[in-house]
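>>> what follows is a predicted protein model with its sequence.
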Amino acid sequence: MSAPHMDPDEFRRAGHAVVDWIADYWTTLGQRPVTSADPPGALAAALPAAPPTAGEPVEAVLADLDALVTPRLTHWQHPGFFGYFPANTSGPSVLGDLVSSGLGVQGMLWATAPACTELETVMLDWLAGLLDLPQRFRSHTRGGGVIQDSASSATLVATLAALHRASGGRWRDHGVDRRYRAYTSTHGHSSIEKAARIAGLGGEGVRAVEVDPDTQAMRPDALRAAIEADRAAGDLPAIVVATIGTTSSTAVDPLPQIGAICAEYGIWLHVDAAYAGAAAVCPELRWSHAGLEYADSYCFDPHKWLLTGFDCDAFWVADRSELIEALTVMPEFLRNAATESGAVIDYRDWQVPLGRRFRALKLWFVLRWYGVEGLRAHIRRGVALAARFAERVRADDRFELAAPHPFSLVCFRLRVGAELDAVNADLLARVNGTGRVHLTHTRVGDRYTLRLAVGSPQTAEAHVDEAWRLLDEAATDLLGKG
């Protein structure tokens, strides 16, 4: 006989067990290795070949979580996780997601879940005010915001809207013999190239613009030269993607100059602030948003540095009609009186998928639990911890800082000779091999560079100091000197 559906009482009991399990997991994170030492395929080999014939209790599932799954994870919430960029979550975010899952509503149209749409609209206005974004991005204007799953999707829909504008709506028509171009810096995110490929611009649709060797930011003169060269060749510049906080080094592209160039040529400007946009909750860090008034679209990820679990990218446009025109398709089965009235927002027209979850709930929970001052304290703490680590690097003549560190990422490396890349790669492997911390690498100035990104709510001074101690010890061993 098949297992019955979980009734409310059973759900209540099981839910308490799951919440307790998560709380215990968070409590013990610091004692766990940050990454798993098991080889590929270890979990797959440990799992049964088929699902159980009869249903099992939640306790059995939680037991296997402990025994099989968590030992083979990379623990992104670990206080010693300094890799990539942070992917924060928090108690209020988890609770908001739980409520979203429990409601199980489908938010593709206002008519399918009115509160889902309206809460999202208000949350994006709250965020716009929190970051002091230009008024043109607020919902009471021609613009407005929406939650995408990631900055990659935001870049894709911005690219589609830009192509729609540049071509007068004809960029997908057969027989239109025109090549469209996108531009970003050599440190622009890989999602920009992917968006261009999905949009049909081809493998060479993105022009990589040179960066300043000192700041690692896009050079406006190089952008202008690339645009002029493409125009002379008969190509049509469609979109420039500028970055606030590049993935490699958190460089900030000069938006005032880039924006003026885009305005001069009539090119869509999308600003990708996926990681560093959260910093603008602090007034002293809003310098990074200078020139944003030029932007046609902008995004940042609360799921990176603003304590909101993945997936939650906040995306705004200055003119929502251009986005809707580029993406809308209206089948008969979705027609309804509210949509026909023009009085509501249907977020299905602001994204690639049709369906959408109630993601605004976790954002609402986070904003209400922490408040403005709590979020600012979290950001400032990360910046301060990164500065503490950078001071350790700066004070040791064996090391050097590889780039400025305006936020909570520090790029650094050992000062060694011809074998710089190999020695720094060995340093990273040794430190990560301890299981106490996890760092990642990039290339800055075409040299192998280590990255330490602070962001976990559990990370404290002791964890940053431990990372430095491990680096110091490994460097001493590698270089053979104290």
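Noted; the coordinates are in hand.

>>> C-alpha from now on. contacts and neighbour counts both.
Noted.

>>> what about the strands in the protein?
Listed in chain order, the strands of the chain (DSSP state E) span 144-148, 180-185, 206-209, 236-243, 268-272, 297-300, 313-317, 399-401, 409-414, 440-444, 447-453.

>>> what's the closest of the ones you listed to residue 357?
Among the strands of the chain, the nearest to residue 357 by Cα to Cα is strand 144-148 (9.8 Å).

>>> re earlier: now the strands of the chain in CSV, with mean neighbour count, mean pLDDT and distance to residue 127?
Formatted as CSV, the strands of the chain follow (neighbours: other Cα atoms under 10 Å; pLDDT from 0 to 100; distance: least, Cα to Cα, whole Å):
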stretch, mean neighbour count, mean pLDDT, distance to residue 127
strand 144-148, 27, 95, 9
strand 180-185, 24, 94, 26
strand 206-209, 21, 92, 30
strand 236-243, 26, 95, 19
strand 268-272, 27, 97, 16
strand 297-300, 29, 97, 10
strand 313-317, 28, 97, 8
strand 399-401, 17, 95, 33
strand 409-414, 26, 96, 23
strand 440-444, 18, 94, 30
strand 447-453, 22, 95, 23
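
>>> dump these to a markdown table, plus distance to residue 96.
Output for the strands of the chain, formatted as a markdown table (distance: least, Cα to Cα, whole Å):
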| stretch | distance to residue 96 |
| --- | --- |
| strand 144-148 | 15 |
| strand 180-185 | 35 |
| strand 206-209 | 38 |
| strand 236-243 | 30 |
| strand 268-272 | 26 |
| strand 297-300 | 20 |
| strand 313-317 | 16 |
| strand 399-401 | 40 |
| strand 409-414 | 28 |
| strand 440-444 | 31 |
| strand 447-453 | 26 |
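
>>> out of those strands, which comes closest to residue 387?
The nearest among the strands of the chain, by Cα to Cα, is strand 409-414 at 8.1 Å.

>>> which elements pack onto that closest one?
Using 3 or more Cα pairs under 8 Å, 6 or more residues apart in numbering; DSSP states H and E as the contact test, the elements touching strand 409-414 are helix 360-394, strand 399-401, helix 420-433, strand 447-453.

>>> go with 10 Å
The contact analysis (3 or more Cα pairs under 10 Å, 6 or more residues apart in numbering; DSSP states H and E) places strand 409-414 against helix 360-394, strand 399-401, helix 420-433, strand 440-444, strand 447-453, helix 461-479.

>>> got the buried residues for the longest one?
Residues of helix 360-394 classed as buried: 360-367, 375-376, 378-383, 385-387, 389-390, 393 (neighbour count, 16 or more other Cα atoms under 10 Å).

>>> under the pLDDT cut-off, which ranges of this protein? List them.
1-3, 171-177, 418, 481-482 (pLDDT under 70).

>>> what would the helices and strands packed on strand 409-414 look like in TSV with distance to residue 249?
Output for the helices and strands packed on strand 409-414, formatted as TSV (distance: least, Cα to Cα, whole Å):
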stretch	distance to residue 249
helix 360-394	13
strand 399-401	11
helix 420-433	17
strand 440-444	8
strand 447-453	8
helix 461-479	19
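
>>> those: which one's closest to residue 219?
Of all the helices and strands packed on strand 409-414, strand 440-444 sits nearest to residue 219, with 15.8 Å by Cα to Cα.

>>> what strands line up against that closest one, and which way round?
Sheet pairing of strand 440-444 (DSSP bridges) gives strand 447-453 (antiparallel).

>>> tell me the angle of the partner strand relative to helix 420-433?
Relative orientation of strand 447-453 and helix 420-433, computed by axes from the mean of the first three to the mean of the last three Cα atoms, to 10 degrees: 30 degrees.

>>> gap between strand 447-453 and the chain center?
Taking the mean of its C-alpha atoms, strand 447-453 sits 19 Å from the chain's own mean (Cα atoms, centre = their mean, to the nearest Å).

>>> quick one, what contacts the closest residue to residue 425 other than its chain neighbours?
Among residues not flanking residue 425 along the chain, residue 448 sits closest, at 7.3 Å (Cα to Cα, 6 or more residues apart in numbering). The contact partners of residue 448, taken as Cα atoms under 10 Å, 6 or more residues apart in numbering, are 402, 412, 413, 414, 420, 421, 422, 423, 424, 425, 441, 442.

>>> same check, this time on residue 205
Applying Cα under 10 Å, 6+ apart, the residues near residue 205 are 179-183, 192-197, 199, 237.

>>> mind putting those residues into JSON lines with distance to residue 67?
What follows is these, written out as JSON lines (distance: Cα to Cα, whole Å):
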{"residue": "179", "distance to residue 67": "54"}
{"residue": "180", "distance to residue 67": "52"}
{"residue": "181", "distance to residue 67": "51"}
{"residue": "182", "distance to residue 67": "48"}
{"residue": "183", "distance to residue 67": "48"}
{"residue": "192", "distance to residue 67": "40"}
{"residue": "193", "distance to residue 67": "40"}
{"residue": "194", "distance to residue 67": "38"}
{"residue": "195", "distance to residue 67": "40"}
{"residue": "196", "distance to residue 67": "43"}
{"residue": "197", "distance to residue 67": "42"}
{"residue": "199", "distance to residue 67": "44"}
{"residue": "237", "distance to residue 67": "54"}
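
>>> from those, pick the one nearest residue 168.
Nearest to residue 168 out of the contacts of residue 205 is residue 180 (Cα to Cα; 12.5 Å).

>>> these two touch, right, that closest one and residue 235?
Yes - checked against Cα atoms under 10 Å, the pair residue 180 and residue 235 is within contact range at 5.9 Å.

>>> neighbours of residue 330, how many?
Residue 330: 9 surrounding residues under other Cα atoms under 10 Å.

>>> which ones are touching it?
Counting by Cα under 10 Å, 6+ apart, residue 330 has contacts 348, 349.
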